[in-house]
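Engineer: Fold the following and give me the result.
(2 chains)
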Amino acid sequence: MYRSRPENLNLLNFRFPLTAIASITHRITGILLFAAMPVVLYFLDQSLQSEAAFEQVKEDFLGNSAGRFLLWLILSVTAYHLCAGIRHLIMDFGYLEGLKSGRMAAIVVFVLAGVLAVLAGVWIW
Amino acid sequence: MVTRITGLTKNGLTDFVLQRFSAYVMLAYGVFLFFLLASSPSHAQLKETFSTPIVQWSSLLVVLLLSAHAWIGLWTIGTDYIRERAFGRFDVWLRSIYQLGSAALIVFYVIWSIQILWSS
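Structural biologist: Next comes the predicted model:
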């Protein structure tokens, strides 16, 4: 191996391409969704338990800002993972695989997920 | 280096197809869930919906496909990052603990889901 190869380990001027950021975000949101499963299951469990438990869990999630924020976070993370996933499904058919189109698709995923996150916020609040 | 390829089905292509197939099914179920929640159902309506056999069984199918989807995703992430390069000689131990923990959580989620789906 050549010892004189250029090295750049300065993380401050080390930039990941947008497509890489889109990819890692897809992974992170996947892990977050997996971690959020107990919250979702608890929500469903309580909603089906009884009238009183239904009202209580509704109050817990929609009656205060912490609950609302958690719900919004789960919906937004779902929205991103969904958009990025659909991008993958489109890529399975051979589209959006080029340098330019791939970058463009990554931007569209971020923008679309952002719009959906705002809409989720409007829905909850 | 990861030398033993386990994944879910021990075959990369099958895992790949399963990841896609489960995604399509979850997408369809997600649309159903969205419209259900958007109609702001009462407790009685929700209970009625989830006590019909078709909803119970399709929900269970989604839970199982979701488990496969999550496992393949978590396995991929684990084998990508928990490696010798970053964790030295503890990589196999750490990755095993991570995978066991993931599998245990998945089993817990599945059992809990079945309990929810068939208790109402």
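Engineer: And the average pLDDT for stretch A:68-83 is what?
Structural biologist: If you average the pLDDT over stretch A:68-83, you get 97.
Engineer: now stretch A:112-125
Structural biologist: On average, stretch A:112-125 scores 96.
Engineer: What of stretch B:39-48?
Structural biologist: Rounded mean pLDDT across stretch B:39-48 is 96.
Engineer: That stretch and chain A in contact?
Structural biologist: Yes - against chain A, stretch B:39-48 shows contacts by C-beta under 8 Å from any C-beta of the partner chain at B:42-44, B:46-47. Using the backbone N, CA and C atoms, a C-beta is placed for each residue, glycine as well.
Engineer: ok, so of these, who is nearest chain A?
Structural biologist: B:H43 (3.8 Å; C-beta to the nearest C-beta).
Engineer: Show me what stretch B:40-59 is in contact with.
Structural biologist: Residues from elsewhere that reach stretch B:40-59 (C-beta atoms under 8 Å, 6 or more residues apart in numbering or on different chains): A:44, A:47-48, A:50-51, A:54-55, B:29, B:36, B:39, B:113, B:117-118, B:120.
Engineer: Show me which residues of it are buried.
Structural biologist: By neighbour count on 16 or more other C-beta atoms under 10 Å in any protein chain shown, the buried set for stretch B:40-59 is B:43, B:46-47, B:49-50, B:56, B:59.
Engineer: Then stretch A:44-56?
Structural biologist: For stretch A:44-56, burial by neighbour count (16+ other C-beta under 10 Å) applies to A:44-49, A:54.
Engineer: follow-up on the earlier one: can you lay out the contacts of stretch B:40-59 as CSV showing secondary structure and distance to A:F110?
Structural biologist: Output for the contacts of stretch B:40-59, formatted as CSV (DSSP: H, G, I helix; E, B strand; the rest coil; distance: C-beta to C-beta, whole Å):
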residue, secondary structure, distance to A:F110
A:L44, helix, 30
A:S47, helix, 32
A:L48, helix, 36
A:S50, coil, 42
A:E51, helix, 41
A:F54, helix, 36
A:E55, helix, 37
B:Y29, helix, 25
B:L36, helix, 28
B:S39, coil, 30
B:S113, helix, 32
B:L117, helix, 35
B:W118, coil, 40
B:S120, coil, 39
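Engineer: Just the closest of those to B:R20, please.
Structural biologist: Nearest to B:R20 among the contacts of stretch B:40-59 is B:Y29, at 15.1 Å by C-beta to C-beta.
Engineer: I am assuming that closest one contacts B:V62, so please confirm or correct that.
Structural biologist: Yes - using C-beta atoms under 8 Å, B:Y29 and B:V62 qualify as a contacting pair, with a distance of 4.6 Å.
Engineer: more crowded one of those two?
Structural biologist: B:V62 (20 against 17; other C-beta atoms under 10 Å in any protein chain shown).
Engineer: Looks like that one contacts B:M26 (just checking).
Structural biologist: Yes - using C-beta under 8 Å, B:V62 makes contact with B:M26 at a distance of 6.1 Å.
Engineer: elements contacting the lowest-mean-pLDDT helix or strand in chain B?
Structural biologist: Lowest mean confidence among the helices and strands of chain B (mean pLDDT, DSSP states H and E): helix B:84-87, at a mean of 88. The helices and strands touching helix B:84-87, judged by 3 or more C-beta pairs under 8 Å, 6 or more residues apart in numbering or on different chains; DSSP states H and E, number zero.
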